[in-house]
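In: the following comprises the amino acid sequence and a computationally predicted model.
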Amino acid sequence: MASILIVDDSPEVRVALTTTLEDAGHTVSEPSDGRDIVEQAALIQPDAIVQDINMPDVDGITALRGLRSDPLTRDLPVIMLTAIADMDHVQTAIGAGAQDYVLKPWDADTVLERLFNAKESRRYKPKAGDNRPWAARQ
């Protein structure tokens, strides 16, 4: 299936999300905060990243901006999974490059659907400098 990087400071969230994703056939990596997310993502090259906003040391928006500024990670789909429900945070996350925004507590089917959509959108998104027609990228 897919390789997913989960970044959340809550061990309980990481265990629950890992269980959901592994039961669906995905492989999961779990750094506990956003400090080294760019390095981890560049090394692992996951199919998608699911991350929280509220984390110690480096918050999720700062981590997202770091991912988008690195050529090795700029195109990785990132889904924010957070308890923050206000529109300012949603707009900030999407503006910083988040693919999607899911609220905690989450529904397993919703997370799996959003990950599928993120993977599919990456599959059809041209790489930097790829000016071939869509059909030629298949």
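Out: Good, I have the coordinates. Numbering: from 1, shown residues only.

In: tell me what the strand or helix carrying Ile94 is packed against?
Out: Following DSSP states H and E, the helix or strand that holds Ile94 is helix 87-95. Judged by 3 or more Cβ pairs under 8 Å, 6 or more residues apart in numbering; DSSP states H and E, helix 87-95 is in contact with helix 60-69, strand 100-103. Heads up, the C-betas are built off the backbone N, CA and C, glycines and all.

In: closest to Val28 out of the ones you listed?
Out: Each of those was scored for nearness to Val28 using Cβ to Cβ, and the closest is strand 100-103 (16.1 Å).

In: buried residues, stretch 12-31. List them.
Out: 13-14, 17-18, 20-21, 24, 26, 28-31 (16 or more other Cβ atoms under 10 Å).

In: on that earlier part again, which one of the helices and strands packed on helix 87-95 is the most hemmed in?
Out: Most buried of these, by mean neighbour count (mean count of other Cβ atoms under 10 Å): helix 60-69, with a mean of 20.

In: show me what the helix or strand that comes right after that helix is packed up against.
Out: Per DSSP H and E, helix 60-69 leads on to strand 78-82 as the next helix or strand towards the C-terminus. Counting contacts by 3+ Cβ pairs under 8 Å, 6+ apart, strand 78-82 packs against strand 48-51, helix 60-69, strand 100-103, helix 108-124.

In: ok, of the ones you listed, where does mean pLDDT dip lowest?
Out: Sorting the helices and strands packed on strand 78-82 by mean pLDDT places helix 108-124 lowest, at a mean of 86.

In: ok now it, how far from the chain's centre?
Out: 10 Å (Cα atoms, centre = their mean, to the nearest Å).

In: show residues contacting it.
Out: Helix 108-124 is contacted from outside by 2, 4, 17, 20-21, 24, 26, 47-48, 50, 75-77, 79, 81, 99-100, 102, 134, 137, using Cβ atoms under 8 Å, 6 or more residues apart in numbering.
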